[in-house]
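K.L.:
build me a model:
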Amino acid sequence: MPTHVFEPTYYHHTFGAHPPVLHIAPGDTVRTTCVDAAGQDRTLQQVTPRGNPMTGPFYVEGAMPGDTLVVRLEQLRPNRNQAWSGAVLAANVVDPEDVPVLAQARGSGRWLDWEVDLASNTARLRSTVRGLEGLELPLEPMLGCFGVAPSRGEAISTATSGPHGGNMDYRGFKEGVTAYFPVQVEGALFFLGDGHALQGDGEIAGTGLEISMDVQFSVDLIKGQHIRWPRGEDREYIFTVGNARPLDQCVQHATSEMLRWLTTQYGLDIQGASQLLGQCVRYDLGNVFDPAYTMVCKMPKKLLQRLPTRS
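P.N.:
The predicted structure follows:
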């Protein structure tokens, strides 16, 4: 299958029915780049306004509403030696009485600089933070924001998320993962960006280690399979993603999507799926900083492989 090399020259700050930058077919591979959340490229030049600029959209031939877009994240590689992060925790993740403490601790700057060693796959704080002198952390590259165009002609900010994907900031969207999105417009119109060299659960400091990236992905289609929310899988789990606020609504979306997956594709009835979920489910926290929060519902593949209905 063809491999396309695409170098972006402009970026989008909304998911919407923008003119496609490239037409690709199921089975194709794309090698491209994305700038960081502040619009800085691999040379640290500001090439577009800040706010999670997206590379794309990529038009997938044959994709129609009611299909499922399959995106395999084959390579996610930071491509420069400097990243940046928020200086303190976000105000909405601490008790109200601690918000002034955060503001005082921020001091004169909102951001911290990190030195990224691509050879050793580590990051080290360049900014001075008492008690963290010499701290070195292993990289775990991920995409914070990616997805497809929403339905009904909507243009949705890259600051938030929804059924189309978007700014989910889930650290499980890393190299080797397959993501699934509900196709809502002709061609799907796939976007990607917001590279993180590392990030903890929830993006509770408002950022990960923000960095530009070289990305390789491939696409496929599942014709006639309608899903309501993003899905994914890695070597150990299948998972579903709910994006909303308040947090309990995220749990509801993610759990319902997993319930649908188990009953439509794993041969379980509602009672069987309920028992499996009730005793074996795992939840990961995605974003709890942005306008919509993200919750991820996970089921172990090794358990699903033992189901009699799958034999």
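K.L.:
endpoint to endpoint, stretch 13-25 covers what distance?
P.N.:
One end of stretch 13-25 sits 25 Å from the other (CA to CA, to the nearest Å).
K.L.:
I meant stretch 150-157, not that one.
P.N.:
Calculated as CA to CA, the first-to-last residue distance of stretch 150-157 is 11 Å.
K.L.:
next: stretch 25-43.
P.N.:
31 Å.
K.L.:
repeat that for stretch 165-177.
P.N.:
The stretch stretch 165-177 measures 15 Å between its terminal residues, going by CA to CA.
K.L.:
got it, and stretch 76-95?
P.N.:
With CA to CA as the measure, the first residue of stretch 76-95 is 35 Å from its last.
K.L.:
so which bits of that stretch are buried?
P.N.:
Judged by neighbour count using 16 or more other CB atoms under 10 Å, the buried positions of stretch 76-95 are 76-80, 82-90. (C-beta placed from N, C-alpha, C; glycine too.)
K.L.:
measure how far that stretch is from the centre of its chain, please.
P.N.:
Here the centre of stretch 76-95 is set off from its chain's centre by 15 Å, with CA atoms, centre = their mean, to the nearest Å.
K.L.:
same question for it, mean pLDDT?
P.N.:
The predicted model gives stretch 76-95 an average pLDDT of 96.
K.L.:
how about the strands in the stretch 51-200 of the chain?
P.N.:
Ranges of strands within the stretch 51-200 of the chain are 54-60, 68-78, 82-86, 111-117, 122-125, 136-138, 142-148, 156-157, 161-162, 165-167, 178-182, 190-196, based on DSSP state E, counting those that start in this stretch.
K.L.:
helices or strands up against the fourth one?
P.N.:
Same thing as strand 111-117. Using 3 or more CB pairs under 8 Å, 6 or more residues apart in numbering; DSSP states H and E, the elements in contact with strand 111-117 are strand 82-86, strand 122-125.
K.L.:
contacts for the longest one, please.
P.N.:
Residues lying outside strand 82-86 but in contact with it, judged by CB atoms under 8 Å, 6 or more residues apart in numbering, are 36, 38, 44, 110-116, 123, 126, 197, 205-211.
K.L.:
show me which of those are buried.
P.N.:
36, 38, 112, 114, 116, 123, 197, 205-211.
K.L.:
the residues you listed: which two are farthest apart?
P.N.:
Between any two of the buried ones among the contacts of strand 82-86, the greatest separation by CB to CB is 19.2 Å, found for Val116 and Gly206.
K.L.:
low-confidence ranges in the stretch 151-300 of the chain?
P.N.:
Low-confidence segments of the stretch 151-300 of the chain, defined by pLDDT under 70: none present.
K.L.:
just give the nearest non-adjacent residue to Ala105, would you?
P.N.:
With CB to CB, 6 or more residues apart in numbering as the measure, Val88 is the residue that lies nearest to Ala105, at 5.2 Å, once sequence neighbours are left out.
K.L.:
quick one on the thing from earlier: which one of the strands of the stretch 51-200 of the chain lies closest to Tyr10?
P.N.:
Smallest distance to Tyr10 across the strands of the stretch 51-200 of the chain (CB to CB): 9.5 Å, for strand 54-60.
K.L.:
angle of the closest one against strand 142-148?
P.N.:
Here strand 54-60 runs at 50 degrees with respect to strand 142-148, directions being taken by axes from the mean of the first three to the mean of the last three CA atoms, to 10 degrees.
K.L.:
for strand 54-60, packing partners?
P.N.:
Counting by 3+ CB pairs under 8 Å, 6+ apart, the packing neighbours recorded for strand 54-60 are strand 22-24, strand 29-34, strand 142-148, strand 190-196, strand 213-222.
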